[in-house]
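Chemist: From the sequence below, what's the structure:
(2 chains)
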Amino acid sequence: MKYFGFIWRNVWRKKIRTSLTILSVFVAFLLFALLSAIGYAFKSGEDVADAERLIVIDKISLINPLPFAYKNRIAATEGVHSVAHASWFGGYYQDPRVQFPQFPTDPYEYFSMYPELKMPQTWLDAWARNRQGAVIGREIAEQHGLNVGDRIPIQATIWTKADGGRTWEFDIEGIFETEDPRGSTAFLLFQYDYFDEARAFGKGTVGWYILRVERGADPVQVANAIDMQFANSPNETETSTEAAFAQSFAKQFGNIALIVTLILGAVFFTLLLVAGNTMSQSVRERIAELAVLKTLGFADRSVLGIVLAESVIIMLIGGALGLSVGWLLVQGAAKTMAAFLPGIFLSPEAMLAAAGMMIGAGVLAGVFPALKAMRLSIVDALARG
Amino acid sequence: MSDTLATLSGVSKSYQKGKEVVEVLHNLDLEIPHGDFIAIMGPSGSGKTTLLNLLGGLDKPTAGTVRVGDAEISSMSNNQLSRWRSSHVGFVFQFYNLLPVLTAQKNVELPLLLTNFSASERAHRAALALGIVGLETRTKHYPRELSGGQEQRVAIARAIVSDPALLLCDEPTGDLDRETAVEILNLLQLLNREHRKTIVMVTHDAQAAEFATRTMICDKGTLEHREAV
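Modeler: Residues are numbered from 1 along each chain as shown, chains lettered A, B, ... in the order given. Next comes the predicted model:
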């Protein structure tokens, strides 16, 4: 710590150069924060996945529906505790740009399948009694100022009604929340019976099944048993864990993790060049001063440490600023984008990784100049002046 | 305690210059008693600075031994030499070599960062050293805010702050006007006489050499004694 004042003054020796380097570090870590948060959103489905829940979809594509008749056969499979189902509705509220997911399902089965979703029993019962009833998540309610008792129109983009209409009206019977802070409540649930009866086509089908395996049952064996049952049928199934389902769902948008990694890789490579150049210049222009330090008795490793510390401090300043601003932006984005990209979150793990990257990048950028300073010959350096 | 502070025995120093080996010092013997003030004169390239570097543990001889106090510094490792330099020797350079990012006070405190002194103790000792060189009112000034003479005084304060027995001065007045040079030389004389510092000063200036108690001439790698006038 006693060297800190000295190191700090050296960092600010060339204020403009240091500020510009810090700015480049700032931008790199700001990008890191934003991309990490977006990457987290795409991955959050996997993180909140329940190991005892399996998802059954059509083997060819998620968009192909499965017969409703499969439900009882799946429920009867050994190792299956309970079954629920859901379908993609794909409507919008008021404005085509205001989209959030809507799923027709069975009220009791769905809430039994997802115990992390919390709602008073009276609201659940009210929804179950009202065929045109719906429940919405807290995020949707807050974003659109909706309350229990409101009637909302949802414009269908896929499911026209049998009468040709595209407007589906629902009575909000309840607002649910989630116990899992990473989980999303940015969706609407409504009754499958009403949906199946009123839609113009696709009757008797569901989008996917969700099932809970019995305690002690092997999920892989259960999944295989289900898929075996429907092998060679017109609707073969693919059963996977909820995490694998979430992963494959996210991959529809591309390999987000790879994209994020590639962008950040390019940014950090450039950052290393910029910071490394700054440190090289800084060492080059004070060869004589470093020689004086050594003359005074500073050991080779102390000189190495001083130069490395300067590099790390520059990274920490820029990185901390970038991460802080990134965190603020993520907070804002999480609210405004909750409906169509829920789960935007700058996780503590990402921040810890960023701190590690700041130190790592600082060491990498400073290591060659620091080694040069360490190996400096006092006599030669003083002779050069 | 022996009266001799430093001894060079059979010291030779040669450098590789391309394919050629250049011998700068040749089989040199020298004894420096405690409290001595030696001026070393000689033409450029005669080995004066090399001799100073060997005495200060900045360089090692090709042959022979260098002993300062109880330590044979010619056989020390680089790390041992660093530690030794921090407490046994002070350096004063022609161009002061102060760190521009630090105030006079912080420049003087620099060698004390290598000790276990507290921050307040370091500040106290640096203030004392600056007081000795007459710069107690310039402690907060940066090198760019000081005159050449004042910068050299700060450099001298930095050299004496860890209370070394030996001061090595390489052309300490080479960059100063005559009047300021005399002030600096008077200060070195004061440090030699009143603070018992042993001083070895390399200079081209015969008038500067007169402030020393004896003068030696370095030429073609050997030393000749010349009594002070």
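
Chemist: Can you pull up the most central residue in chain B?
Modeler: Note on chain B: the residue nearest the mean C-alpha position is residue B:168, at 1.4 Å, using Cα atoms, centre = their mean.

Chemist: ok, that residue to chain A distance?
Modeler: As judged by Cβ to the nearest Cβ, to the nearest Å, residue B:168 and chain A stand 10 Å apart. From N, CA and C alone the C-beta is placed, and that goes for glycine too.

Chemist: Look at that residue and tell me its secondary structure.
Modeler: State at residue B:168, reduced to three classes by DSSP: H, G, I helix; E, B strand; the rest coil: strand.

Chemist: That one: what's it in contact with?
Modeler: Going by Cβ atoms under 8 Å, 6 or more residues apart in numbering or on different chains, residue B:168 touches B:52, B:55-56, B:89-92, B:199-201.

Chemist: go with 6 Å
Modeler: B:52, B:56, B:91, B:200 (Cβ atoms under 6 Å, 6 or more residues apart in numbering or on different chains).

Chemist: what do you get for residue A:144?
Modeler: By Cβ under 6 Å, 6+ apart, the contact set of residue A:144 is empty.

Chemist: where's it relative to chain B, distance?
Modeler: Look at residue A:144 and chain B: by Cβ to the nearest Cβ, they are 58 Å apart.

Chemist: Show me which residues of chain A sit near chain B.
Modeler: Proximity of chain A to chain B (Cβ under 6 Å from any Cβ of the partner chain) is limited to residues A:2, A:9-10, A:13, A:289, A:292, A:295-297, A:299, A:378-379.

Chemist: just to revisit the earlier point, can I get the contacts of residue B:168 in CSV including pLDDT and secondary structure?
Modeler: Below are those laid out as CSV (pLDDT from 0 to 100; DSSP: H, G, I helix; E, B strand; the rest coil):
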residue, pLDDT, secondary structure
B:52, 94, helix
B:56, 95, coil
B:91, 95, strand
B:200, 96, strand
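
Chemist: tell me, which of those make contact with chain A?
Modeler: residue B:91.

Chemist: can you tell me which two in the contacts of residue B:168 are farthest apart?
Modeler: Spanning the widest gap among those are B:91 and B:200, at 10.7 Å by Cβ to Cβ.

Chemist: What ranges does chain A have for its helices?
Modeler: A:4-11, A:15-47, A:70-75, A:107-113, A:121-129, A:138-144, A:192-198, A:219-229, A:242-250, A:256-284, A:287-296, A:300-336, A:348-374, A:378-384 (DSSP state H).

Chemist: I should have written chain B there, sorry.
Modeler: Counting by DSSP H, chain B has helices at residues B:48-55, B:78-88, B:104-109, B:119-132, B:148-160, B:178-194, B:206-209.

Chemist: Spell out whether the fifth one and chain A are in contact.
Modeler: No: contact between helix B:148-160 and chain A is absent, the nearest approach being 7.6 Å (criterion: Cβ under 6 Å from any Cβ).

Chemist: now the angle from that helix to helix B:178-194?
Modeler: 20 degrees (axes from the mean of the first three to the mean of the last three Cα atoms, to 10 degrees).

Chemist: Next to chain A, which bits of chain B? Give me the list.
Modeler: Checking chain B against chain A by Cβ under 6 Å from any Cβ, the hits are B:53, B:58-59, B:79, B:82, B:85-86, B:91, B:97, B:99, B:101, B:111, B:113-114.

Chemist: Helix or strand with the lowest mean pLDDT in chain B?
Modeler: Every helix and strand in chain B was compared by mean pLDDT, DSSP states H and E; the lowest is strand B:222-227, with a mean of 76.

Chemist: Look through chain B and state the residue closest to chain A.
Modeler: Nearest to chain A in chain B, going by Cβ to the nearest Cβ, is residue B:86, at a distance of 2.5 Å.

Chemist: which one is that residue nearest to, not counting chain neighbours?
Modeler: Counting by Cβ to Cβ, 6 or more residues apart in numbering or on different chains, residue A:297 is the residue found nearest to residue B:86 once chain neighbours are left out, at 2.5 Å.

Chemist: I'd say that neighbour and residue B:84 touch.
Modeler: No: the criterion here is Cβ atoms under 6 Å, and residue A:297 misses it with residue B:84 at 7.8 Å.

Chemist: what separates the residue nearest to residue A:281 when sequence neighbours are not counted from residue A:289, distance-wise?
Modeler: Computed as Cβ to Cβ, 6+ apart, the closest residue to residue A:281 that is not its neighbour in sequence is residue A:17, at 7.3 Å. Applying Cβ to Cβ, to the nearest Å, the value for residue A:17 to residue A:289 is 16 Å.

Chemist: Please say which of the two ends up with more neighbours.
Modeler: Neighbours were counted for residue A:17 and for residue A:289 using other Cβ atoms under 10 Å in any protein chain shown; residue A:289 has more, 20 against 14.

Chemist: quick one: pLDDT of that one?
Modeler: As predicted, residue A:289 sits at a pLDDT of 91.

Chemist: Residue A:258 too?
Modeler: Here, the pLDDT recorded for residue A:258 equals 81.

Chemist: if I look at residue A:297 and residue B:84, which residues touch both of them?
Modeler: By Cβ under 6 Å, 6+ apart, no residue touches both residue A:297 and residue B:84.

Chemist: Which secondary structure element of chain A has the lowest mean pLDDT?
Modeler: Min over SSEs of chain A, mean pLDDT, DSSP H and E: helix A:242-250 (a mean of 73).

Chemist: Where does the stretch 151-300 of chain A get nearest to chain B, residue-wise?
Modeler: For the stretch 151-300 of chain A, Cβ to the nearest Cβ, closest residue to chain B: residue A:297, 2.5 Å.

Chemist: mind checking pLDDT for that residue?
Modeler: The per-residue pLDDT reported for residue A:297 equals 94.

Chemist: Over to residue A:272?
Modeler: Taking residue A:272 on its own, its pLDDT is 89.

Chemist: Skipping adjacent residues, who's closest to residue 161 in space?
Modeler: All of this is about chain A. residue A:198 (5.1 Å).

Chemist: um, chain B though
Modeler: Counting by Cβ to Cβ, 6+ apart, the residue nearest residue B:161 is residue B:129, at 4.2 Å.

Chemist: dump the residue contacts of that neighbour.
Modeler: Counting by Cβ under 6 Å, 6+ apart, residue B:129 has contacts B:108, B:157, B:160-161.

Chemist: Which pair of these spans the longest distance?
Modeler: Among the contacts of residue B:129, B:108 and B:160 lie farthest apart (Cβ to Cβ), at 9.0 Å.

Chemist: quick one, what contacts the closest residue to residue A:223 other than its chain neighbours?
Modeler: Nearest residue to residue A:223, sequence neighbours excluded (Cβ to Cβ, 6+ apart): residue A:239, at 3.8 Å. Taking Cβ under 6 Å, 6+ apart, we find residue A:239 in contact with A:54, A:56, A:223, A:226-227.

Chemist: starting at the chain centroid, how far to stretch A:272-290?
Modeler: 38 Å (Cα atoms, centre = their mean, to the nearest Å).

Chemist: And that stretch, what's buried?
Modeler: By 16 or more other Cβ atoms under 10 Å in any protein chain shown, the buried positions in stretch A:272-290 come out as A:272, A:274-276, A:278-279, A:282-283, A:286-290.
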